[in-house]
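Student: no sequence on this one, just coordinates:
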């Protein structure tokens, strides 16, 4: 389908690549993780379509096939991009599913747009409520030293960084939980990102505090997370998000790494479809 243009911010004509399966089913918008693209949902889209849903995926600005402006990688801009897509497609009764960094757009939606157009949401291995550890956030799972190391490594050598990061993405205790083909496919998607976008988005998901946003979540919510996630640990993220949202459901995928949608596809898809069907 044609790309959708986001008309806001300093770069008012940012084209976002969107894939929409169409149809009359209830809409599900899948928001990808960093540093991948909408193509990372390849194991979910056909399953959800077969179950009767209209599935929308897109590439975040700066990633995949979308435009790559020099700015606009804070969560207000990124969530406005998501809102532009939902409005352009005139989606209602929507379920937003945010994986990893995408959990931030899901949370920020409530801070910017409330429950507008929403039916429910899913935080999948998501970065909320607040990754960066500090005096006001002692349970944050990411230290400033770790964040600085990631920034330095990506700045120095993109290829080496992505090779190592994607390995961690899909590993538990140093053991890769997907095929080498899966790993290489993810590396290829990561390399479509602009370096500016990757660095700016990394800073955004590391330092953005979503606690006030989570306090505004009032729609049915599923938090799904692998208990062996070494990138965005369950205890510091998913478990805290579940505790912050009254009435939310928590589904823990046993023995799963961060990239649980690929490593434990059948279980992940089944758990999300069960939630969608309620």
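Tutor: Looks like it arrived, so ask away. What you are looking at is a predicted structure, and each value in this text was computed from that prediction instead of being measured. Residues are numbered from 1 along each chain as shown.

Student: the residue lying closest to residue 21 once chain neighbours are set aside: what's it in contact with?
Tutor: Of all residues not flanking residue 21 in the chain, residue 55 sits nearest, at 4.7 Å (Cβ to Cβ, 6 or more residues apart in numbering). In short, each C-beta sits where N, CA and C put it, glycine included. Contacts for residue 55 were tallied using Cβ atoms under 8 Å, 6 or more residues apart in numbering; they are 20-21, 27-28, 30, 41, 44-45, 48-49.

Student: which stretches of the stretch 101-250 of the chain form helices?
Tutor: Assigned helices in the stretch 101-250 of the chain, in chain order: 102-113, 144-156, 158-169, 180-190, 195-207, 211-214, 238-244 (criterion: DSSP state H, counting those that start in this stretch).

Student: ok, and the closest non-adjacent residue to residue 173?
Tutor: Distances taken as Cβ to Cβ, 6+ apart place residue 228 nearest to residue 173, at 7.4 Å, with adjacent residues excluded.

Student: neighbours of that neighbour, how many?
Tutor: Neighbourhood size, residue 228 [other Cβ atoms under 10 Å]: 21.

Student: ok so, going back, nearest to residue 73 among the contacts of residue 55?
Tutor: residue 30 (19.8 Å; Cβ to Cβ).

Student: helices and strands around the helix or strand that closest one falls within, which ones?
Tutor: Residue 30 is part of strand 27-31, with elements assigned from DSSP states H and E. Judged by 3 or more Cβ pairs under 8 Å, 6 or more residues apart in numbering; DSSP states H and E, strand 27-31 is in contact with strand 54-58, helix 75-88, strand 94-99, helix 102-113.

Student: looking at those, which is buried most?
Tutor: Here the criterion is mean neighbour count by mean count of other Cβ atoms under 10 Å, and of the helices and strands packed on strand 27-31 the winner is strand 94-99, at a mean of 27.

Student: which residues are in contact with it?
Tutor: Contacting residues not belonging to strand 94-99 are listed as 26-33, 40, 82, 86, 104-107, 109, 117-126, 261, 272, 276 [Cβ under 8 Å, 6+ apart].

Student: how near is the nearest residue to residue 272 once chain neighbours are set aside to residue 273?
Tutor: Using Cβ to Cβ, 6+ apart and skipping residues adjacent in sequence, the residue nearest residue 272 is residue 122, 6.1 Å away. As judged by Cβ to Cβ, to the nearest Å, residue 122 and residue 273 stand 11 Å apart.

Student: higher neighbour count, the two?
Tutor: Between residue 122 and residue 273, counted using other Cβ under 10 Å, the more crowded position is residue 122 (27 against 17).

Student: got any ranges where the protein has weak pLDDT?
Tutor: Within the chain, the segments meeting pLDDT under 70 span 1-2, 7-12.

Student: please repeat the previous calculation with a cut-off of 80.
Tutor: Counting by pLDDT under 80, the chain shows low-confidence ranges at 1-13.

Student: could you count how many residues lie near residue 184?
Tutor: Residues near residue 184, counting by other Cβ under 10 Å, number 12.
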